[in-house]
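Colleague: return atomic coordinates for the entry below.
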Amino acid sequence: MTTRNVAILVGSLRKESFSRKIAKALTELAPDGLKFDFIEIGHLPLYNQDADTSPPEAWVSLRQQIKAADAVLFVTPEYNRSVPGVLKNAIDIASRPYGQSAWDGKPGAVVSVSPGAVGGFGANHHLRQSLVFLNIPVLQQPEAYVGNVSTLLDDSGKLVNEGTRKFLATFMAAFAEWVEKTIKR
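Modeller: As a prediction, this is how the structure comes out:
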């Protein structure tokens, strides 16, 4: 079996981030054949096209990490019906310079997380709009909106809801299949 390297970008920087806890749970529930690399994005300088002629090392590193990945998994909270600025900044950095996008053709998936009932629906779909433009073929089904997340985790950040555990395992199995199917095209 081929091992596929999956870059995980978490849209929340908070130390006790629900998104990061769910991302960790996703890696634990994934089938064999996926290897995960959490890509840290909180230190990235804001994207400015003027800097592309001599990009900051943090930009170069991010672009290299994304290019080295076989696939990408985005796990994000919802901020004001959209994605957090730090995640959008990382997306913009790795998509530039124009014509040299590190994202191009990499299979991806989106999981949105929220303490509210809607599960980050707005962020999930807003992010998908950007991913279409970046030519990231995104897993369509199952969609993953993790609502009421604070009730699904124990104090150590482990999933305690069996229904959510089963759903996320199903999601990760579908993602693994999507990665293989998309890479073989």
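
Colleague: who are the contact partners of the closest residue in space to Ala25 that isn't next to it in sequence?
Modeller: Leaving out its chain neighbours, the residue that sits closest to Ala25 by C-beta to C-beta, 6 or more residues apart in numbering is Leu159, at 5.0 Å. C-betas here are computed from N, CA, C, even on glycine. Residues near Leu159 by C-beta atoms under 8 Å, 6 or more residues apart in numbering: 25, 152-153, 165, 168.

Colleague: from those residues, which two are the most distant?
Modeller: Leu153 and Leu168 (12.0 Å; C-beta to C-beta).

Colleague: neighbour count winner among these two?
Modeller: Set Leu153 next to Leu168 and count neighbours by other C-beta atoms under 10 Å: Leu168 wins out with 23 against 19.

Colleague: how much space separates the residue nearest to the spatial centre of the chain from Ser112?
Modeller: Closest to where the C-alpha atoms of the chain average out (C-alpha atoms, centre = their mean) is Phe74, at 1.0 Å. Distance of Phe74 to Ser112, computed by C-beta to C-beta, to the nearest Å: 9 Å.

Colleague: any shared contact partners between these two?
Modeller: Common neighbours of Phe74 and Ser112 (C-beta under 8 Å, 6+ apart) are Leu127.

Colleague: pLDDT on the lengthiest helix in the chain, on average?
Modeller: Determined from DSSP state H, the single longest helix within the chain is helix 162-183. Per-region confidence: helix 162-183 scores 97 on mean pLDDT.

Colleague: what packs against it?
Modeller: Helices and strands touching helix 162-183, by 3 or more C-beta pairs under 8 Å, 6 or more residues apart in numbering; DSSP states H and E, are strand 4-10, helix 18-29, strand 34-39, strand 71-77, strand 108-113, strand 144-146.

Colleague: ok, 6 Å please
Modeller: Applying 3 or more C-beta pairs under 6 Å, 6 or more residues apart in numbering; DSSP states H and E, we find helix 162-183 packed against helix 18-29.

Colleague: now the helix it packs on, how far from the centre of its chain.
Modeller: Relative to the chain's own centre, helix 18-29 is displaced by 11 Å; criterion: C-alpha atoms, centre = their mean, to the nearest Å.

Colleague: quick check: angle from it to helix 162-183?
Modeller: Angle, helix 18-29 to helix 162-183, by axes from the mean of the first three to the mean of the last three C-alpha atoms, to 10 degrees: 70 degrees.

Colleague: what about helix 18-29, average pLDDT?
Modeller: Averaged across helix 18-29, the pLDDT comes to 97.

Colleague: try stretch 104-123
Modeller: 94.

Colleague: before we move on, the earlier item: gap between the residue nearest to Ala25 and Asn5?
Modeller: Distance, Leu159 to Asn5, using C-beta to C-beta: 24 Å.

Colleague: also Phe167?
Modeller: Distance check for Phe167 against Asn5: by C-beta to C-beta, it reads 24 Å.
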